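Enquirer: fold the following, please.
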Amino acid sequence: MLPKTPRHKPVIGNNIAPHGKREEQNGIRYLTSRGRPGEQNEKQNLKTFQTRSETLFANAASNAVRANLAPRLTPLDHQLSAGVAVRGVHGDIEHSPQETCYGCRHNSSSENNMATDNRRLENKVAVITGGASGMGLATVMRFLEEGARVVIADYNEATGTEAVTSANQAGFTDLVSFIRTDVAVESDIEAMLQLALDSYGKLDIVFNNAGVGGAIGPLTETSTSDWDYTFDVLAKGVFLGIKHAARIMQANKFAGSIINTASIAGLSGDGGPLVYSAAKAAVISMSKSAAVELARDRIRVNAICPGFIATPLAEVGRAEQTRISFAKSQPWPDYGRGEHIAGAALFLASDDAEFVTGESIVVDGGLTAAGPELSKKFPRSSGRDSRVSGITKGSTGADNEIRRLDE
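Expert: Numbers count the residues shown, from 1 in each chain. The predicted structure follows:
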């Protein structure tokens, strides 16, 4: 999935000084007029900055196409006009001294290109389950860009290794680790959290995000083994993540944030397959109860309820078709992306959400407001008229187990 562009430190152009000098005060660069004293032309100054913005955007766009970031770019990404805070594009862009970009953080050796004082997760340590693809991977990249060190925990070892490689190539060397994890196995949960302590010295954030499609088909054809597999991953995995994260945070007196991936399927009927929906409803309820119990330890617990998000779990080899269908299925005209969930997770992980706990934040493009009606929008996925039953295992790398009911 696509990494989120980082915020940038303000570059202020209204503080005009004579003789065209560039001045720096308190670590902030001020752009100055090139006119003589008393002859500064604000409109010309603005035009100059806008021209620079267009040139820089063109260069950024060509680099971003190679980095697969093109959908994220707009001409406002490097707006250097007077008095407007810069919000830039990172990647393999190299800025000249005249176009210092305070937000690009990949080259840790360059103090001029580093802005550490405004990153929202600076020096925090996060563990993200299901972090090798989809919403999890988007969150990994966003957290890294915001200053965190991250442990990726995922069942799929191949995609986990690829995720670390991609992060390293993006410049986040020594800031990310991977451990193969089955979230339904308690010792695996303990091991992933211990890796965070051993590698980075503490634990601030746990994002219990691992998921599968789980049991599908009519409830009358759903086996207890399919039920158990779905609840093991989606509900027990979250319970174990909360349990052991809370133990570590309490023992070390870490004020922390625990975030759990639920779903709009847990908020109403006809929002997803029956067993999946029941498991996600359990996550929502569990998050509320844990939030109350852990509040006195300053441990916040919240859930995110995604709508239709185009990820490998949902696309199942039909990416373009899935995205078109998702975009048509809710009031908002664009399909949901992993970055949308990463943004919500960043808020809940950051100090901005210091007074937010026990909440379930819906990120669905207005789908719940309009009514999910999954059986009408995706009749083949509904248990009502389905002619298949079994288990879907998403991006775990394991084979699905599907049987046709008319055979």
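Enquirer: how about the strands in the stretch 151-300 of the chain?
Expert: Here the stretch 151-300 of the chain has its strands, by DSSP state E, counting those that start in this stretch, at 176-180, 205-208, 214-216, 256-261, 299-306.
Enquirer: just give me the lowest mean pLDDT stretch among those strands.
Expert: Note on the strands of the stretch 151-300 of the chain: strand 214-216 shows the lowest mean pLDDT, a mean of 90.
Enquirer: closest to residue 142 out of the strands of the stretch 151-300 of the chain?
Expert: Of all the strands of the stretch 151-300 of the chain, it is strand 205-208 that lies closest to residue 142, at 10.8 Å by C-beta to C-beta. Heads up, the C-betas are built off the backbone N, CA and C, glycines and all.
Enquirer: in a markdown table, list the strands of the stretch 151-300 of the chain along with mean neighbour count and distance to residue 390.
Expert: Formatted as a markdown table, those follow (neighbours: other C-beta atoms under 10 Å; distance: least, C-beta to C-beta, whole Å):
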| stretch | mean neighbour count | distance to residue 390 |
| --- | --- | --- |
| strand 176-180 | 21 | 25 |
| strand 205-208 | 30 | 25 |
| strand 214-216 | 28 | 6 |
| strand 256-261 | 27 | 23 |
| strand 299-306 | 26 | 23 |
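Enquirer: can I get those strands in CSV with distance to residue 321?
Expert: Listed next are these as CSV, based on distance: least, C-beta to C-beta, whole Å:
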stretch, distance to residue 321
strand 176-180, 31
strand 205-208, 29
strand 214-216, 18
strand 256-261, 24
strand 299-306, 19
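Enquirer: residue 130: which of these is closest?
Expert: Of the strands of the stretch 151-300 of the chain, nearest to residue 130 by C-beta to C-beta is strand 256-261, at 7.6 Å.
Enquirer: so what strands line up beside the closest one?
Expert: If you go by DSSP bridges, strand 256-261 pairs up with strand 205-208 (parallel), strand 299-306 (parallel).
Enquirer: for it, give me every contacting residue.
Expert: Here strand 256-261 makes contact (C-beta atoms under 8 Å, 6 or more residues apart in numbering) with 130, 135, 203-211, 238, 241-242, 245-246, 249, 283, 286-287, 290, 294, 298-304, 306, 341, 345, 348-349, 353.
Enquirer: tell me which helix or strand of this protein sits lowest on mean pLDDT?
Expert: In the chain, no helix or strand scores lower on mean pLDDT, DSSP states H and E than strand 28-30, which sits at a mean of 36.
Enquirer: so what's the residue nearest to residue 340 when sequence neighbours are not counted scoring on pLDDT?
Expert: Closest residue in space to residue 340, ignoring its immediate chain neighbours: residue 363 at 5.5 Å, by C-beta to C-beta, 6 or more residues apart in numbering. On the pLDDT scale, residue 363 is placed at 97.
Enquirer: what does residue 42 give?
Expert: 42.
Enquirer: burial of the closest residue to residue 184 other than its chain neighbours, as a residue count?
Expert: Spatially, and ignoring its direct neighbours in sequence, residue 184 is nearest to residue 232 (3.8 Å; C-beta to C-beta, 6+ apart). By other C-beta atoms under 10 Å, 18 other residues sit near residue 232.
Enquirer: residue 232 and residue 173: what is the separation?
Expert: Going from residue 232 to residue 173 by C-beta to C-beta, to the nearest Å gives 35 Å.
Enquirer: residue 214 too?
Expert: Distance of residue 214 to residue 173, computed by C-beta to C-beta: 36 Å.
Enquirer: then residue 127?
Expert: Distance, residue 127 to residue 173, using C-beta to C-beta: 19 Å.
Enquirer: more neighbours, those two?
Expert: Set side by side, residue 127 and residue 173 show more neighbours around residue 127, with 31 against 11, by other C-beta under 10 Å.
Enquirer: the more buried one contacts residue 151, doesn't it?
Expert: Yes - in this structure, residue 127 is within contact of residue 151 by C-beta atoms under 8 Å, at 4.5 Å.
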